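>>> Here's my sequence, what's the structure:
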Amino acid sequence: HKILYESTVAFAFNKKFFNIFQIMRANRFSNVASTYDRHADPQRALADSLSIIMPDCNPNEILEIGSGTGILTQLLINTYPVSKIHGIDLSLSMINLCKERFSNANASFESSDVLTHSRPNYYDLIVSSSTLHWTNDLLFTLKKIYKNLKPNGFFVLGMMLEGTLHEIRELKKEIAPHKGKGLILPSYNKFNDLILKSKFNILKKNHQEDKFIYPNTHTFIKAIHEQGVTTIPRHDQPLNKTELSKLVNLYEDKYKTNEGIYATYETSCYLLQK
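Residues are numbered from 1 along each chain as shown. So this is what the prediction gives:
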């Protein structure tokens, strides 16, 4: 009876924590829905890379995980014009944007999460770009996606990896080592291992680093803030004004070019099959 009671309490606590975490994520991106596209060059570049490795097939049902403002959705419509596209996203504001933007397309959208969206052996193609790095348990998420695919179905995935924005992470660690690390992204090798553990077959993959130029550090920080990237996890502490000012000055000194300052994005693209 004691073991059963403790298990029940633990389950209830974890479920409550999961729901709170989901609400925080949804609020983060709902708050930036209207500004996200202004600064989405890295996300557009990753989506463009995915469009090159889309499978040569005629999927009936497509699931897009993390449809956001529809950057990848438009590429899917162009590539598979007769397919049914179903987009899910935690942010209701972004879902509403997509509903308005693609009202004349064969696409539907709902506020939902990949961890609770369950349609086993249903989708011919599942796609996701610049989204899965926000999940707490990548292996569990990959296995969930695997279950929702039909046998021999395809999964096209674009990931942000640990080298992304490493400049600002390293400066933050130097300036305020006592404060949290922020979002921890997986390494390329670790993520490849997770894919294999989830039983997917890797048909194609591409790994690269790109540097994106911003006029100055203030513009850069504003850009990632208006994409929800600078929202800190629970128990982390934000930089105070003195620390933030020091970060801006150091960034200008270390990462300045003739065109402005740069920020690195490390990404990988995959064509996987069940």
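>>> which element follows the helix or strand of the chain with the lowest mean pLDDT toward the C-terminus?
Between all helices and strands in the chain, the lowest mean by mean pLDDT, DSSP states H and E belongs to helix 2-30, at a mean of 40. Downstream of helix 2-30, the next assigned helix or strand under DSSP states H and E is helix 41-52.
>>> Can you give the distance of that following helix from its chain's centre?
13 Å (C-alpha atoms, centre = their mean, to the nearest Å).
>>> Mind listing what's buried along it?
42, 43, 45, 46, 47, 49, 50, 51 (16 or more other C-beta atoms under 10 Å). Using the backbone N, CA and C atoms, a C-beta is placed for each residue, glycine as well.
>>> same check, this time on stretch 131-144
131, 132, 133, 134, 135, 138, 141, 142, 144.
>>> Identify the residues contacting that stretch?
21, 25, 65-66, 68, 114-115, 118, 157, 159-161, 183, 185-186, 191, 194-195, 197-200 (C-beta atoms under 8 Å, 6 or more residues apart in numbering).
>>> Now do the helices in the stretch 51-200 of the chain.
Applying DSSP state H, counting those that start in this stretch to the stretch 51-200 of the chain gives helices spanning 71-79, 92-101, 138-148, 166-175, 188-197.
>>> what's next to the last one, contact-wise?
Contacts to helix 188-197, defined as C-beta under 8 Å, 6+ apart, come from residues 138-139, 142, 159, 161-162, 186, 202, 205, 207, 266, 268, 270, 272.
>>> Using a markdown table, lay out those together with distance to residue 106.
Shown next, in a markdown table, are those (distance: C-beta to C-beta, whole Å):
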| residue | distance to residue 106 |
| --- | --- |
| 138 | 31 |
| 139 | 33 |
| 142 | 27 |
| 159 | 27 |
| 161 | 33 |
| 162 | 37 |
| 186 | 34 |
| 202 | 30 |
| 205 | 29 |
| 207 | 33 |
| 266 | 34 |
| 268 | 30 |
| 270 | 25 |
| 272 | 24 |
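>>> Please check the residues you listed and keep the buried ones.
138, 142, 159, 161, 162, 186, 205, 266, 268, 270, 272.
>>> and the two most separated of the residues you listed?
162 and 272 (20.4 Å; C-beta to C-beta).
>>> Could you work out the most separated pair of the buried residues of stretch 131-144?
Top of the distance list for the buried residues of stretch 131-144 (C-beta to C-beta): 133 and 144, 15.7 Å.
>>> and residue 57, what is it in contact with?
Residue 57 touches 124, 125, 154, counting by C-beta under 8 Å, 6+ apart.
>>> okay, now the last one: neighbour count?
Residue 154: 23 surrounding residues under other C-beta atoms under 10 Å.
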